[in-house]
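In: Test case, fold it:
(one chain, ligands or ions: 1)
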Amino acid sequence: MYRKTILATVAISLGAFVAVAEGQSQGNGSGVVDHGQANEPPMLGIHWDKNTHAAMGAGRRVANMTYHGGKIMTSATTVAFFRGTSWSGYSGDKITGMDQWYSGFGGSNYSKSVTEYSGTNGYASGQVTHQGHFVDTRAETSKGNTSVVLSEVCAAITSSGTQIDPSGNGYYALYSDQPRGSANYCAYHSYGTCNGQGIQFAFFWKLDGDAGCDPQDTSGLHSQGLAAIANVSGHELSEAMTDPASPGAWYDAAGAENGDKCAWTFGAPLVAFSNGYQWKVQGEWSNAAYTAGTGYPNSSGQKGCLSGL
Ligand SMILES: [Zn+2]
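Out: Got it, this is the predicted structure:
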């Protein structure tokens, strides 16, 4: 993503939740623009689809990320929300699979890619307390709009009786049953306020049969749709941990966060999480690995990505 954070001021109250206002522009001059408007939560860490990522690559030859003065997530308390009418009676592997994914993230070598980064509130630990999932079979009508997604996340928090992590480390992932259509990204993360408390949230399109967002996991361990949302979930959670909110923490001079810098590159066919489940998941950028020359190369050939092995 590209980020500019200049206009922050107004917060608007929309029922139970408040959207944090932030002026934000996306794009690199190639015509890539997001929905971001003043008075809407920003799209952070957008996981662009493969074609868009490739088109932006030439402008991304920036080395290490720098610190921008904000907080990091010292840990994460996660809930996965599956929103949309078609989740009713769902019998595939995504819901159980994502519970396994979040339950195994913390303590994995993969999660440790974030532990070199600190903010005003300390170091990122990569630890996750997963509180499970909630299926919300109301229609998913956001079309990716950040304000609508925040309202859907907040509605799911309320309906499920989820206790928001008061530390600000609550991370609520909304898995849509809608395909992305003409949208040029697979997922994003953002932040806002629900019932008066700050939250982190993320949005994921349904990626079944979507070549532009497919990690091409050939392990046979997961359905293609699960493998795809698992991969982008690694990107977004790692980014939220290291750059959760305005004024921002860790991103590079092109606005790219740790997931962006290694998007669509994989250091290993499968990465084992701490509970033994294995995933094909992109690596995450490490300033330390880049400086030492010990990472694997990203799509610009910069050796700063950690595979999570
Ligand atoms: Zn990203």
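In: in the sheet, who's paired with Tyr188?
Out: Phe203 (DSSP bridges).
In: Return the per-residue confidence for it.
Out: Looking at Tyr188, its pLDDT stands at 97.
In: OK, contacts around it?
Out: Tyr188 sits next to Met1, Met43, Leu44, Gly45, Ile46, His47, Gly144, Thr146, Ala202, Phe203, Glu236 when contact means C-beta atoms under 8 Å, 6 or more residues apart in numbering. For every residue, glycine as well, the C-beta is placed using N, CA and C.
In: Show me which of those are buried.
Out: Among these, those buried by neighbour count (16 or more other C-beta atoms under 10 Å) are Met1, Met43, Leu44, Gly45, Ile46, His47, Gly144, Thr146, Ala202, Phe203, Glu236.
In: which of those residues are close to the ion?
Out: Under the cut-off given by C-beta under 5 Å from the ion, the ion has Gly45, His47 from the buried ones among the contacts of Tyr188 close to it.
In: Check the buried ones among the contacts of Tyr188 against Thr265 and report the nearest one.
Out: Thr265 has its nearest neighbour among the buried ones among the contacts of Tyr188 in His47, at 12.8 Å by C-beta to C-beta.
In: doesn't the closest one fall inside a helix?
Out: No. Checked against DSSP: H, G, I helix; E, B strand; the rest coil, His47 lies outside a helix; its state is strand.
In: Closest one of the contacts of Tyr188 to the ion?
Out: Among these, Gly45 lies closest to the ion (C-beta to the ion), at 3.1 Å.
In: Give me the three-state assignment for the spatially closest residue to the closest one that is not a sequence neighbour.
Out: Among residues not flanking Gly45 along the chain, Glu239 sits closest, at 3.7 Å (C-beta to C-beta, 6 or more residues apart in numbering). Classification of Glu239 by three-state DSSP places it in helix.
In: From what I see, Glu239 and Leu44 are in contact.
Out: Yes. If you go by C-beta atoms under 8 Å, Glu239 and Leu44 touch, sitting 6.9 Å apart.
In: Find the residues that touch each one of the two.
Out: Taking C-beta under 8 Å, 6+ apart as the contact rule, Glu239 and Leu44 both touch His189, Glu257.
In: Look up how far Cys262 lies from the closest residue in space to Ser113 that isn't next to it in sequence.
Out: Nearest non-adjacent residue to Ser113, counting by C-beta to C-beta, 6+ apart: Glu284, 3.9 Å away. Taking C-beta to C-beta, to the nearest Å as the measure, Glu284 falls 6 Å from Cys262.
In: do Gln216 as well
Out: Counting by C-beta to C-beta, the gap from Gln216 to Cys262 is 16 Å.
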